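Q: 3D model of this:
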Amino acid sequence: MLDIKFIRENPELVRENIRKKYQDAKLPLVDEVIDLDARSRAAITEASELRARRNKLSKQIGMLMGQAKKDPSKAAEAEAVKEQVRKDAERLEELEKLEKEYEDELYKRMLLIPNIIDPSVPIGPDDSANVEVQRFGEPVVPDYEIPYHTEIMARFNGIDMDAAGRTSGNGFYYLMGDIARLHSAVLAYARDFMIGKGFIYCIPPFMIHGNVVQGVMSQTEMDAMMYKIEGEDLYLIGTSEHSMIGKFIDQILTEDQLPQTLTSYSPCFRKEKGAHGIEERGVYRIHQFEKQEMIVVCKPEDSMAWYDKMWRFSVELFRSMEIPVRQLECCSGDLADLKVKSCDIEAWSPRQQKYFEVCSCSNLSDAQARRLRIRVKGEDGKMYLPHTLNNTVVAPPRMLIAFLENHLQADGSVTIPEVLWPYMGGTKVLIPKK
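A: Numbers count the residues shown, from 1 in each chain. Purely as a prediction, here's the structure:
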C-alpha cells in the first residue's frame with residue numbers, strides 16, 4: 001500500500017505505474033483516492049474547529065450564567081450560546097461519522113493501488129514477458145527416457161494419489177518410503193543451509209487472523225489462495241511468509257534489531273483455483289505441501305542488497321544438490337500488487353527439456369510494513385517503515401520433481417548428492433522396488 005501523501009503529490013506517477021502493470025481498470029482509483037482524501041481532511045479540519053469553538057463557548061456559558069444572576073438580560077444571551085453549542089454538537093456528530101466513512105472507503109481503495117515497481121523491472125503484460133538473466137549449471141538431456149515424476153515415484157512405491165483422492169480429493173497425495181524420506185531430507189538440509197547463512201529457524205502458527213492476511217497480500221491473491229476456517233477469524237496460511245511477517249504487526253523495532261533474518265518451516269495450504277495444464281498434474285500444483293522459507297525485515301537502504309543475497313542463496317542450494325537452475329526476472333504484469341521487484345529461480349527439467357519455477361524471491365519495500373503498522377525507531381528518535389522480503393528456500397513437491405528427473409539413472413536408480421547423505425542415513429543411491 002502506498003503512502004497517501006505520495007499519491008496526493010505524485011498522481012501521474014501512480015497512474016503511469018498502474019499502466020505499466022497493465023491494470024488500466026484501476027486508473028479511476030487515483031482520482032477517487034485523492035477526492036476522498038480531500039473530503040476526509042476537510043471533515044477533520046471542520047471537526048477540529050468545532051471542538052475548539054465548543055470549548056470556547058462552554059466557558060462563555062459559565063461566565064454568562066454567572067452574570068445572569070445580577071443581570072437577567074444575560075440569561076437570554078447564555079441560552080443563545082447553548083443553542084449554538086447544541087447545533088455544533090449535532091454537526092460534529094455528523095462529521096465524525098463522515099470521517100469514519102471516508103477513512104474506510106479511502107483504505108479500501110488504497111489497498112487496490114499497486115506498489116511502485118523498481119525501475120529495473122522489465123515491462124510486459126504477463127509471465128510470457130519475463131526475462132532470463134543467467135543460468136547456473138549445464139542443463140543435460142540424457143539419452144534414455146525420463147518418465148513423468150509420479151511414474152518415477154511409483155517405481156519406489158513412493159506415492160499413492162488414489163488413496164489421497166479417497167480421503168481428501170484431487171490435489172492431495174501420500175508420500176511413502178524412500179520418497180517420503182527424501183522429501184524430509186531436503187527440508188532438513190534446507191533448514192540447516194539457512195541456519196548456516198545466519199538465519200534464525202522458526203516454526204510459526206499455521207493459521208492467522210484476517211487482518212494479517214490483508215496486511216501481507218492483495219485481495220486478489222487472498223481470494224485465489226486462502227482457505228478460511230468456518231465460523232472463525234482464521235485462515236490457513238498459503239506460505240509461512242504470511243505468519244512470519246505478521247509476527248511484527250503493530251510492533252516498533254529499534255535499528256539494532258535490524259535486519260531480522262528468519263527461516264521458517266510450515267505446511268502450506270492453497271486453493272489453486274483455475275484449470276491447469278497436463279504438466280501441472282501429479283504433485284506440481286497441489287492444495288497442501290511443505291516449504292522452507294526465508295524472510296528479511298531490514299532498513300530501506302539495505303533491501304536491494306538483501307534481495308540479491310536471497311535469490312543467490314536459492315541458486316547455491318540447488319547447485320549443491322547438482323540441479324541446474326536459471327534466474328528469471330519477473331516483468332511488471334507478472335508482479336503481485338505489493339511487490340516492487342521479483343525473480344523466479346527455475347530448475348531444469350530433463351523430461352520437458354525446459355526450466356520450471358521452484359523458488360520466488362520478492363522485495364515488497366514498505367508495503368507490508370505500512371499495512372501491518374510495523375515501524376522502526378531510528379537513532380534520531382524518528383519513526384520509519386522497514387522493508388520486507390521473502391524467498392522460497394525449498395518447496396519439496398516441486399523440488400522432488402527437479403531432483404528425481406536430474407538424478408534418475410538409466411537403470412531406474414536415483415543418485416543422492418553428497419550434501420544429503422547425512423540426512424538420508426548414509427544412503428547414496430535409491431534402488432527402485434519395481
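
Q: what's the helix or strand for residue 295?
A: Assigned by DSSP states H and E, residue 295 belongs to strand 288-298.

Q: over to residue 326?
A: Here residue 326 is assigned to strand 325-329, by DSSP H and E.

Q: I'd like the average pLDDT over the helix or strand that that strand is followed by.
A: Moving toward the C-terminus from strand 325-329, the next helix or strand (DSSP H and E) is strand 341-349. Across strand 341-349, pLDDT averages out at 98.

Q: now swap in stretch 389-399 and tell me
A: pLDDT averaged over stretch 389-399 gives 94.

Q: residue 416: how many residues sit nearby?
A: Each residue near residue 416 was counted by other C-beta atoms under 10 Å, and the total is 22. No exception for glycine: its C-beta is placed from N, CA and C like everyone else's.

Q: residue ranges in the protein under the pLDDT threshold?
A: Within the chain, the stretches falling below the threshold (pLDDT under 70) are 58-79, 81-82, 273-280.

Q: ranges for the helices of it?
A: For the chain, the helices defined by DSSP state H cover 4-9, 11-20, 28-68, 73-112, 149-155, 161-167, 177-196, 210-216, 219-225, 240-246, 303-320, 367-372, 396-407.

Q: burial check on residue 136, number of neighbours?
A: Neighbourhood size, residue 136 [other C-beta under 10 Å]: 17.

Q: cool, and residue 57?
A: 16.

Q: same check, this time on residue 295
A: Residue neighbour count, defined by other C-beta under 10 Å, stands at 26 for residue 295.

Q: beta partners for it?
A: Residue 295 has these beta-bridge partners by DSSP bridges: residue 262, residue 390.

Q: list the contacts of it.
A: By C-beta atoms under 8 Å, 6 or more residues apart in numbering, the residues touching residue 295 are 240-241, 244-245, 260-264, 388-390.

Q: next one: residue 209
A: 233-235.

Q: who wins on neighbours among those residues?
A: Ranked by neighbours (other C-beta under 10 Å), those are led by residue 235, which has 21 neighbours.

Q: for that residue, give me its contacts.
A: 207-210, 213, 226-229.

Q: likewise for residue 20?
A: Residue 20 neighbours (C-beta under 8 Å, 6+ apart): 117, 123, 332.

Q: go again with 6 Å.
A: When contacts are counted by C-beta atoms under 6 Å, 6 or more residues apart in numbering, residue 20 is found next to 123, 332.

Q: most packed of the helices of the chain?
A: Mean neighbours per residue, mean count of other C-beta atoms under 10 Å, is largest over the helices of the chain for helix 240-246, with a mean of 26.

Q: so how far is residue 328 from residue 430?
A: 30 Å (C-beta to C-beta, to the nearest Å).

Q: tell me which of those two has more neighbours.
A: residue 430 (25 against 21).
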